[in-house]
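Engineer: Turn this into a model:
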Amino acid sequence: MGVTWRNWSKSDVLYGVVVPVVVVLVIVALSRVSYVLGFGTLSGVVFGIIMELEELTLIVVVPLMIGLVWNRWAGGASGFLMGSIYALYWANSFHGIQGSGTVLIAYILSAMLIGYMAGALNKRSEDFRTMVISGVIATAVGGVMLFGIFQLSPANVVTGLNGFLLNVLPRIACGALIPVIAKVFFWYGMGTKKANL
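Structural biologist: This is a model prediction of the structure:
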């Protein structure tokens, strides 16, 4: 006999209903920050930080995490899906701009590369150092490739040393931080192998 709703505990309701609703409300609140602050330097900075976090979450963190805890194929596939979603998000903004397809495909290819490389280098290892090294290499290469593909497009606005650093350094930081979360996943038996309890 399976679990019924009568078997739910307070923590099931907390983590299954309350926390997701709070997360959605926080996301909606963040999307309204620039409207509340008005137009100016502060709202521009806040908007830039929020957009960078959204980009990193979709096209770096998710493929990297899945590549580290599962395998290269799952990492690459999730990168393709997340990169496609991010490219679709920006597609309307780039509509009619010559060379915009190159920028949009760069998001997809970079995310696929990060997820695939992380899984290929990690080889389902639960060793923290291996995960960090795999994550940093995958995100560094993915960031460099993203920046390089951007340079092939006349629609590109990410140029120079500052553009390079803004593309690569946040990705490398994710490559160093996400293995911590992946290690926690392994501790709780959520990786590809069951933990010995």
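Engineer: For the helix or strand hosting residue 117, which residues meet the burial criterion?
Structural biologist: If you go by DSSP states H and E, residue 117 is part of helix 100-122. By 16 or more other C-beta atoms under 10 Å, the buried positions in helix 100-122 come out as 100, 102-122. Glycine gets a C-beta too; all of them are placed from N, C-alpha and C.
Engineer: Do I have it right that residue 84 meets residue 110?
Structural biologist: No. Look at residue 84 against residue 110 with C-beta atoms under 8 Å: they stay out of range, at 12.0 Å.
Engineer: Output stretch 93-113 as CSV, nothing but the C-alphas.
Structural biologist: Extracted C-alpha coordinates of stretch 93-113, given in CSV (Å, rounded to 0.1, in the frame of the first residue of the first chain):
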residue,chain,number,x,y,z
SER,A,93,14.5,41.0,-27.6
PHE,A,94,16.9,40.1,-30.4
HIS,A,95,14.1,39.8,-33.1
GLY,A,96,15.2,41.4,-36.3
ILE,A,97,18.8,42.1,-35.3
GLN,A,98,21.4,40.8,-37.7
GLY,A,99,23.7,38.2,-36.2
SER,A,100,21.5,37.6,-33.1
GLY,A,101,21.2,33.9,-33.9
THR,A,102,24.9,33.5,-33.1
VAL,A,103,24.4,35.1,-29.6
LEU,A,104,21.4,32.9,-28.9
ILE,A,105,23.1,29.7,-30.0
ALA,A,106,26.0,30.6,-27.8
TYR,A,107,23.8,30.3,-24.8
ILE,A,108,22.7,26.8,-25.8
LEU,A,109,26.2,25.5,-26.8
SER,A,110,27.9,26.9,-23.6
ALA,A,111,25.3,25.3,-21.3
MET,A,112,25.5,21.9,-23.2
LEU,A,113,29.3,22.1,-23.0
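Engineer: was I right about residue 106 contacting residue 144?
Structural biologist: No. Contact criterion C-beta under 8 Å: residue 106 and residue 144 do not qualify, at 11.5 Å.
Engineer: any residues in contact with both of the two?
Structural biologist: Counting by C-beta atoms under 8 Å, 6 or more residues apart in numbering, residue 106 and residue 144 have no common neighbour.
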